[in-house]
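> Sequence plus predicted model, see below.
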Amino acid sequence: MNRPKSKPGTSSRVQLHQLMLPEHANAYGNVHGGEIMKMVDEAGGIAAMRHAQRPCVTVAVDSMTFISKVNVGDVLCCEASVNYVGKSSLEVGVKVSAENPITGELTHTNSAYLVYVAIDDGGAPASVPELELGSDEERRRWAEAKQRQAERLARRARKG
């Protein structure tokens, strides 16, 4: 099957916002990290599917360090962008912020890079469109993501 036409990264960007409620809390009364990770994966998955125009599955999540807590009552904001595409894989960067909806204060809580693979109707990897790089920022993110992908592949080869 031929590779689909290229697409700009702007066509697949995603912003998810969710009010954090008591049901999202951990035993300490803050938002549970697993809830944040789930929302990060959802935002990343939507961006990947928008770009690929196919179902995508999560293959890897690079380390996720929480630099600031999220309080119940905050609005969790996840911004996802496709950084890099291979033949069937996509790296998506997700920036997470917590917004106090009363004061408007925005706190960056964490960021993550996730890798997805597009799948065809039979569940096999499917080709994805190339990523059009229209700005210096997009070219920088592409280069950094390409290096991370090379490191992931090298780690996998060492374990193999």
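Received it, and whenever you're ready, just let me know what you need.

> drop to CA atoms for contacts and neighbour counts, all remaining ones
Noted.

> In space, what's closest to Glu79 - neighbours in sequence excluded?
In space, and not counting its chain neighbours, Glu79 is closest to Gln15: 4.6 Å by Cα to Cα, 6 or more residues apart in numbering.

> Can you get me a residue count around that neighbour?
When neighbours are defined as other Cα atoms under 10 Å, Gln15 has 16 of them.

> Equivalent analysis for Ser135, please.
9.

> go on, the one 5 residues further on?
Neighbourhood size, Arg140 [other Cα under 10 Å]: 13.

> residues touching the residue nearest to Glu79, list them.
Ala43, Cys77, Cys78, Glu79, Ala80 (Cα atoms under 8 Å, 6 or more residues apart in numbering).

> Need the residues you listed in CSV (columns: secondary structure and neighbour count).
Formatted as CSV, those follow (DSSP: H, G, I helix; E, B strand; the rest coil; neighbours: other Cα atoms under 10 Å):
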residue, secondary structure, neighbour count
Ala43, helix, 25
Cys77, strand, 25
Cys78, strand, 25
Glu79, strand, 20
Ala80, strand, 29
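
> Which of those residues sits closest to Tyr116?
Ala43 (11.9 Å; Cα to Cα).

> Can you check what pLDDT the model gives the residue nearest to Glu79?
Looking at Gln15, its pLDDT reads 98.

> isn't there a helix covering it?
No. Going by DSSP: H, G, I helix; E, B strand; the rest coil, the assignment for Gln15 is strand, not a helix.

> Renumber starting at 548 from here on
In the new count, where the first residue is 548, that last one comes out as Gln562.
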